[in-house]
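# Structure of the sequence below:
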Amino acid sequence: MGVTDPAGPVMDRDEVDRALARLGAEHEAIETSLLALQDHAGRRLLEGAELTGVTNERWTTAEASITLLWAYFDAYTDALRSAREIRSRRRWSSRDDLVELTELLRGESVTLAGSATATANAPTLHGGSGKLSEQFTLVTLVDRMNELYATSLDMVVAADAVWSALPARIDLLAAELQRTRRLAHSVGVRPGEHPAGDDLERITRTLTKLRSEVVSDPLAYWIPTQGSSAPGGGKPDTTVYDREARALEDVRREIDAVLTVRQDAEQRLVRLRDVLSRADRTLAEARTARGEVLAKIAATEVPVVSGPPTVLQEQLATAAEYRRHAQWHRLSPLLESLEQKADDELLRARESLTAVTAPLAVRAELRGRLDAYKAKVARHGLAEDKFLIERYDAARRMPWSAPCDLRVAGDAVLRYQQAAAELLGSGRVPGPRAPEDRRGPGS
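Next up is the predicted model:
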């Protein structure tokens, strides 16, 4: 048998032995890898699963590739066995033996008939020619096996990684979902009656669909790592799972809020009644004060005091009804709204009282200022001054008259201050809030 050009020069015995040793090590490594692939849990799952979508397409190709791999390996094994038999004929191989070994080890000595399944599914993907038979050197055959093995293993590892990661997590989330549903029902949170109940229904449907898709088409939930040549380079796509997990956490917080309402509803209702009662009393005080202002203060516009809003009392009664019937999901938002409105109502009542009583406060300030100056004058020995007594009497009649004209009273008090300041020798009228003005009795 002549040596073909691809085989090159005839190998000597040492080159043959080194080549056989290398090919033997490769054979052992390939066999170990193929057996590991055959026993891989992901491959066994793929083999028995009802697959759909992209996983079904890729597994059909991978199955053909694995079949072709074993065919290549068997041919590789036969060629290596033949080479070893030739080399073992004699201790010192003859020229003819070396020529034959060179052709076998370096030439296109391996011929493979096309497998109907493999050539129908794998040639385009793995560079096959689609011929009924192909010839390989042992080196190119190893390269082809490595390529088929890498693509097949990548598909198996990716599917197994998704199956290992997602279904178990989905099941755990589904179990938590069921516990949340039972808790929600116990507090009246149901579909069609509360948004959280509708969310639970949607999450249930989504998780059921997600698990079905992950089991039948795991590669649809696989994100390969860009630029990675390692088999199984990538990670499961948990986008949908993570979104539903966050949604369930939001629902749990809503349920917790409803549970909190159930625990402290009575206390909150008592506080609401107290706040609204204080607001009513403040408004009643403002109405009384307004009548007093209208009777005692002249030429003053006094704000109208509105009555307590009946709608808040009606809502409070509704809240109490919800509590009696354990409608916690309805009570929760109503209490939050009522608490804010009740606080606003109490603030409005206090502001109304302040606005109504402002003229009385002005009158009280004038009285206090007048008495404070009278005391100051007395300390300086001017209490018996006739001019000051006249000014004081004139000024005092105004703040204590009814109705009181605040403008006229203010002018009278100011004139008394001016007179007192002149006699005291200061020539300056101290401001109404100077420290010395605050001394003396007030009424």
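
# check contacts around Ala265.
Contact analysis of Ala265 by C-beta atoms under 8 Å, 6 or more residues apart in numbering lists 323, 328, 331, 335. (Each C-beta comes from the backbone N, C-alpha and C, glycine too.)

# try it again with 10 Å
Ala265 makes contact with 319-320, 322-323, 326, 328, 331-332, 335, according to C-beta atoms under 10 Å, 6 or more residues apart in numbering.

# cool, Leu153 as well?
With contacts defined as C-beta under 10 Å, 6+ apart, Leu153 is in contact with 33, 36-37, 40, 42-43, 62, 65-66, 230-232.

# Which members of these are the farthest-apart pair?
Pairwise distances across those (C-beta to C-beta) peak at 19.1 Å, for the pair Ile66 and Ala230.

# Show me which of those two is the more surrounded one.
Between Ile66 and Ala230, counted using other C-beta atoms under 10 Å, the more crowded position is Ile66 (23 against 11).

# Apart from its neighbours in sequence, what residue is nearest the more buried one?
In space, and not counting its chain neighbours, Ile66 is closest to Ser152: 5.4 Å by C-beta to C-beta, 6 or more residues apart in numbering.

# What number of residues are in the vicinity of the one you found?
Neighbours of Ser152 (other C-beta under 10 Å): 27.

# can you check the one 5 residues further on too?
The criterion is other C-beta under 10 Å. On that basis, Val157 has 20 neighbouring residues.

# Hmm, it is touching Pro236, no?
No: contact criterion C-beta atoms under 10 Å: Val157 and Pro236 do not qualify, at 11.7 Å.

# burial of the closest residue to Asp237 other than its chain neighbours, as a residue count?
Leaving out its chain neighbours, the residue that sits closest to Asp237 by C-beta to C-beta, 6+ apart is Tyr221, at 4.5 Å. Neighbours of Tyr221 under the rule other C-beta under 10 Å: 24.

# who are the neighbours in contact with Tyr221?
If you count contacts by C-beta under 10 Å, 6+ apart, then Tyr221 has 55, 158-159, 161-163, 165-166, 210, 213-214, 235-241 around it.

# what's the domain layout of this structure?
Using automatic domain parsing, the domain ranges for the chain come out as 5-156, 162-256, 260-356, 359-438.

# so what's Thr354 scoring on pLDDT?
Note on Thr354: pLDDT of 88.

# Point out the least confident one among the contacts of Ala265.
Lowest pLDDT of the contacts of Ala265: Ala326, 72.

# Could you find the closest non-adjacent residue to that residue?
Leaving out its chain neighbours, the residue that sits closest to Ala326 by C-beta to C-beta, 6+ apart is Gly188, at 6.8 Å.

# quick check, that neighbour in a helix?
No: secondary structure assignment places Gly188 outside any helix; it is coil (DSSP: H, G, I helix; E, B strand; the rest coil).

# from memory it sits against Leu259, does it?
No: between Gly188 and Leu259 there is no contact, the gap being 11.2 Å when judged by C-beta under 10 Å.

# thinking again about what came up before, shared neighbours, Val157 and Pro236?
By C-beta under 10 Å, 6+ apart, the residues touching both Val157 and Pro236 are Trp222.

# before we move on, back to that, between Gly188 and Leu259, who's got more neighbours?
The neighbour count for Gly188 versus Leu259, taken as other C-beta under 10 Å, is higher for Gly188 (20 against 15).

# Quick check: phi and psi at the more buried one.
When read as degrees, to the nearest 10, the backbone of Gly188 gives phi 80, psi 10.

# Okay, it and Leu331: tell me how far apart.
9 Å (C-beta to C-beta, to the nearest Å).

# would you list every one of the strands in the stretch 201-350 of the chain?
Assigned by DSSP state E, counting those that start in this stretch, the stretch 201-350 of the chain shows strands spanning 222-224, 234-236, 297-298.

# tell me which element the residue nearest to Ile66 is part of?
For Ser152, the host element (DSSP states H and E) is helix 138-186.

# and what of Gly24?
Assigned by DSSP H and E, Gly24 belongs to helix 13-39.

# Least confident secondary structure element in this structure?
Least confident helix or strand, the chain: helix 116-121 with a mean of 42, by mean pLDDT, DSSP states H and E.

# Residue ranges in the stretch 201-350 of the chain under the pLDDT threshold?
227-230, 299 (pLDDT under 70).

# Any idea how many residues pack against the nearest residue in space to Gly24 that is not next to it in sequence?
Nearest residue to Gly24, sequence neighbours excluded (C-beta to C-beta, 6+ apart): Leu80, at 6.8 Å. When counting by other C-beta under 10 Å, one arrives at 18 neighbours for Leu80.
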